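Student: quick one, what's the 3D model for this:
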Amino acid sequence: MYCWRGGKRSASLVHVLNEIGFPAVQLDGGYRTWRRHVVARLAEQPLAFRYRVVCGLTGSGKSRLLGALAAEVRQVLDLEALAKHRGSLLGDLPDDPQPSQKAFESAILVALDGIRHARTRVGRVGGRKIGALQVARRAARVDARTRLRQVALGLGAAWRCSRKEYAHFVADP
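Tutor: Purely as a prediction, here's the structure:
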């Protein structure tokens with residue numbers, strides 16, 4: 001819960017939530033201050049890291065690879081997971097709508113804040129657009145310091161992977 005300016009309404013709600021056992025704080029300046037913070041940080045923070053970026057055709061298992069790396073306590077920034085979209089033409093996730101652009105940008109910043117500078121970051125290359133959402137130019141930029149890792153599967157394996165990833169289309173055409 002937030003108030004546009006962080007005034008008395010949000011202060012009242014924070015008080016009530018704290019009284020009934022939910023730890024809550026009020027952001028000075030409200031949501032507008034948060035948005036300015038997100039926009040400013042996303043303009044600079046992605047440049048502070050070096051990335052190993054996973055790329056490959058649809059059905060090559062990039063999502064599964066990033067999930068496995070995340071499970072192994074690697075530092076993964078999966079923009080498609082944050083966007084709740086697979087990025088391809090068939091990328092909409094059933095029963096899981098995409099967040100708003102502002103919520104997506106906040107999620108990216110929170111994910112970047114959780115990354116330790118001393119370790120390698122792994123992400124996925126793609127366009128600046130994921131479904132209906134736009135990735136900030138600097139967050140999407142792949143520069144000379146980035147190491148690309150191509151994921152390639154044979155046609156049969158890619159078909160099996162795609163059938164699993166997009167099974168909802170078969171179940172409910």
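Student: mind listing the strands in this protein by residue range?
Tutor: Here the chain has its strands, by DSSP state E, at 51-55, 75-77, 121-124, 129-130, 133-134, 147-150.
Student: same for the fifth one, what does it pack against?
Tutor: So the one you mean is strand 133-134. In this structure, strand 133-134 makes packing contacts with helix 101-113, judged by 3 or more CB pairs under 8 Å, 6 or more residues apart in numbering; DSSP states H and E. Where C-beta positions appear, they are placed from N, C-alpha and C, glycine not excepted.
Student: now do the helix it packs on: everything it contacts.
Tutor: Helix 101-113 is contacted from outside by 34-35, 38-39, 41-42, 45-46, 49, 77, 79, 82-83, 98-99, 133-136, 139, using CB atoms under 8 Å, 6 or more residues apart in numbering.
Student: and that helix, which residues are buried?
Tutor: Across helix 101-113, burial judged by 16 or more other CB atoms under 10 Å covers F104, E105, S106, A107, I108, L109, A111, L112.
Student: which one of those is nearest V54?
Tutor: A111 (15.8 Å; CB to CB).
Student: want to throw the buried residues of helix 101-113 into JSON lines with pLDDT and distance to D28?
Tutor: Output for these, formatted as JSON lines (pLDDT from 0 to 100; distance: CB to CB, whole Å):
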{"residue": "F104", "pLDDT": "94", "distance to D28": "24"}
{"residue": "E105", "pLDDT": "93", "distance to D28": "20"}
{"residue": "S106", "pLDDT": "94", "distance to D28": "17"}
{"residue": "A107", "pLDDT": "94", "distance to D28": "22"}
{"residue": "I108", "pLDDT": "91", "distance to D28": "23"}
{"residue": "L109", "pLDDT": "91", "distance to D28": "18"}
{"residue": "A111", "pLDDT": "88", "distance to D28": "24"}
{"residue": "L112", "pLDDT": "86", "distance to D28": "23"}
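Student: redo these as CSV? Include distance to V16.
Tutor: Formatted as CSV, the buried residues of helix 101-113 follow (distance: CB to CB, whole Å):
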residue, distance to V16
F104, 29
E105, 29
S106, 24
A107, 27
I108, 31
L109, 28
A111, 30
L112, 32
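Student: of the residues you listed, which is the nearest to V14?
Tutor: S106 (19.0 Å).
Student: residues in contact with the spatially most central residue of the chain?
Tutor: Geometric centre of the chain, nearest residue: L82, 2.7 Å, by CA atoms, centre = their mean. Applying CB under 8 Å, 6+ apart to L82 gives the contacts P99, F104, A107, I108, A111.
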